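**Student:** this is the structure alone, sequence omitted:
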């Protein structure tokens, strides 16, 4: 009997023994941190997006820019800080028909430690529709993926009926060339409305439909938040902080 595909971007798998890995570097700048000097989640998401693009370009993929994020999990073991030099190691941990799972480890020179995994869907940049992974992709990433198949099914729940609600609107500068709000910009929402404590814990963000510039409903329930457009969930966020005893 064939095993069911793994749930997407929920497991932080180790570096593969064989196969492609790509290493990039970043310096935490003033525009990347909050008032305490902690590297914000929206900045982490930009780093993940940039190193993924750098990797795809370095691999000479014919559709290197034709990818959109569907889900990201970020686990912060120790927050990165202002001026810290970071090394980002990224690799593929699974594939599906038109999507791939990408792991990234961020190691800071001063001890910052962040692990992340995302589900990326390949699209045709002309039509915007999902496009099957081609031979060029598997030539570069197949060995690291090691035949692991992942689902594209998202996992976060819908907002409960008792969630409090407020208005939310993105800025025009949050739009990307695909004419929807960039994935990194959506991480501003939890940074703005969720108590993240000392920043240690696991954050998950799922993108169900593209977000636009018109006013959205923001639903908040404890450490979870949702953007809703006319009753339809646009994106969902969940924060699981580290226990104070840890």
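**Tutor:** Sure thing, it's come through. These figures come from a predicted structure and were not determined experimentally.
**Student:** wait, residue 140 touches residue 21, no?
**Tutor:** No - counting by CB atoms under 8 Å, residue 21 is not a contact partner of residue 140; they are 11.0 Å apart. For the C-beta atoms, the positions are set from N, CA and C on the backbone; glycine is no exception.
**Student:** the more surrounded of those two?
**Tutor:** Relative neighbour count places residue 140 above the other of residue 140 and residue 21, with 19 against 15, counting by other CB atoms under 10 Å.
**Student:** for the protein, just list every one of the strands.
**Tutor:** Assigned by DSSP state E, the strands in the chain fall at 22-27, 67-78, 85-95, 99-108, 113-122, 164-168, 201-207, 216-221, 224-229, 232-241.
**Student:** a markdown table for the ones you listed, including mean neighbour count, distance to residue 54 and mean pLDDT?
**Tutor:** Below are these laid out as a markdown table (neighbours: other CB atoms under 10 Å; distance: least, CB to CB, whole Å; pLDDT from 0 to 100):
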| stretch | mean neighbour count | distance to residue 54 | mean pLDDT |
| --- | --- | --- | --- |
| strand 22-27 | 16 | 5 | 98 |
| strand 67-78 | 21 | 13 | 97 |
| strand 85-95 | 21 | 9 | 98 |
| strand 99-108 | 23 | 11 | 98 |
| strand 113-122 | 22 | 14 | 98 |
| strand 164-168 | 12 | 31 | 96 |
| strand 201-207 | 22 | 21 | 98 |
| strand 216-221 | 19 | 31 | 97 |
| strand 224-229 | 22 | 29 | 98 |
| strand 232-241 | 19 | 25 | 97 |
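**Student:** out of those strands, which is closest to residue 152?
**Tutor:** Residue 152 sits nearest to strand 99-108 of all the strands of the chain, at 5.2 Å, using CB to CB.
**Student:** who touches the longest helix belonging to the chain?
**Tutor:** For the chain, the longest helix by residue count, based on DSSP state H, is helix 41-58. Contact with helix 41-58 is made by 22, 24, 26, 28, 31-33, 64-65, 67, 69, 72, 74, 86, 88, 90, 102, 104, 106, 114, 116, 118, 120, 182-188, 190-191, 196, 203, 205, as judged by CB atoms under 8 Å, 6 or more residues apart in numbering.
**Student:** having no further points to raise, I will conclude here.
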